[in-house]
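Q: Turn this into a structure:
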Amino acid sequence: MTFSDWFERALPYEEFLKRHGTEGDRRAWSEVYDSVRLTDAQRDLVAAFPRRMLVLCLAGAWCGDCVAQCPILARIAAANPRIDLRFLDRDAHADLASALRICGGSRVPVVVFLSEDGQECARLGDRTLSRYRWLAARQLGSQYPGGPPPSDESLTAAVTQDWLNEFERVQLMLRTSARLRQMHGD
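A: Numbers count the residues shown, from 1 in each chain. Prediction:
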């Protein structure tokens, strides 16, 4: 099965949470979604993306890393109707989880970026660089040379920027692709 096939099986954000989340899970995701703010410049950047992007996220409604990051993905996708974000539950799709293993484990969230015709462009998971820096500072203490971890508010902004950087990178890949430029005549 291709990622494009998986994408067709995947669910939109709200439907994913309704089907796979408890009331508490949905409340936690909603609180993060409500706290995420894109700056005007970030919103304008995403809104200007001309290419359709298919974004497949393997997640768990129960997962703390998913709670902290998947609502960010939904905020970004809400800024441009050409971004089609969909979710699959890791535990309900063990074969996909196995194909997307990271560092030997079935981690979540894992995001697969696809072109409009289902070609894989990139993968990112289970945490962004800013989230790993925050985790390392907390877990490694003085062994981590990066200093004290940021506050939760600044961490959310940093993780949002990390995800925006990846969305932009993939959009630029799609925009400059000779194959897609020929298909679109631009």
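
Q: Now the lowest-mean-pLDDT helix or strand in the chain: buried residues?
A: Of all the helices and strands that make up the chain, helix 129-140 has the lowest average by mean pLDDT, DSSP states H and E, namely a mean of 91. Neighbour counts over helix 129-140 (16 or more other Cβ atoms under 10 Å) mark S130, R131, R133, W134, A137 as buried. C-beta coordinates here come from the backbone N, C-alpha and C atoms, glycine included.

Q: With stretch 72-88 instead?
A: Applying 16+ other Cβ under 10 Å to stretch 72-88 flags 72-80, 82-88 as buried.

Q: roughly how far is the helix ranked longest in the chain from the heart of the chain?
A: Criterion DSSP state H: the longest helix present in the chain is helix 152-176. Centroid separation for helix 152-176 versus its chain: 9 Å, with Cα atoms, centre = their mean, to the nearest Å.

Q: can you list contacts of it?
A: Outside helix 152-176, the residues within contact range by Cβ atoms under 8 Å, 6 or more residues apart in numbering are 32, 35-38, 42, 45-46, 49-51, 53, 55, 68-69, 72-73, 75-76, 83, 111, 113, 115-116, 121-122, 124, 128-131, 134, 149-150, 180-181.

Q: Now, of the residues you listed, which are buried?
A: For the contacts of helix 152-176, buried by 16+ other Cβ under 10 Å: 32, 36, 38, 42, 45-46, 49, 51, 53, 55, 68-69, 72-73, 75-76, 83, 111, 113, 115, 121, 124, 128, 130-131, 134, 149-150, 180.

Q: just for this structure, where's the confidence low?
A: Applying pLDDT under 70 to the chain flags no residue at all.

Q: 90 instead, please
A: Applying pLDDT under 90 to the chain flags residues 137-138, 141-153.

Q: And the strands in it, which stretches?
A: 53-59, 83-89, 110-114, 120-125 (DSSP state E).

Q: Could you report the neighbour count for L54?
A: 24 (other Cβ atoms under 10 Å).

Q: Great, nothing more from me.
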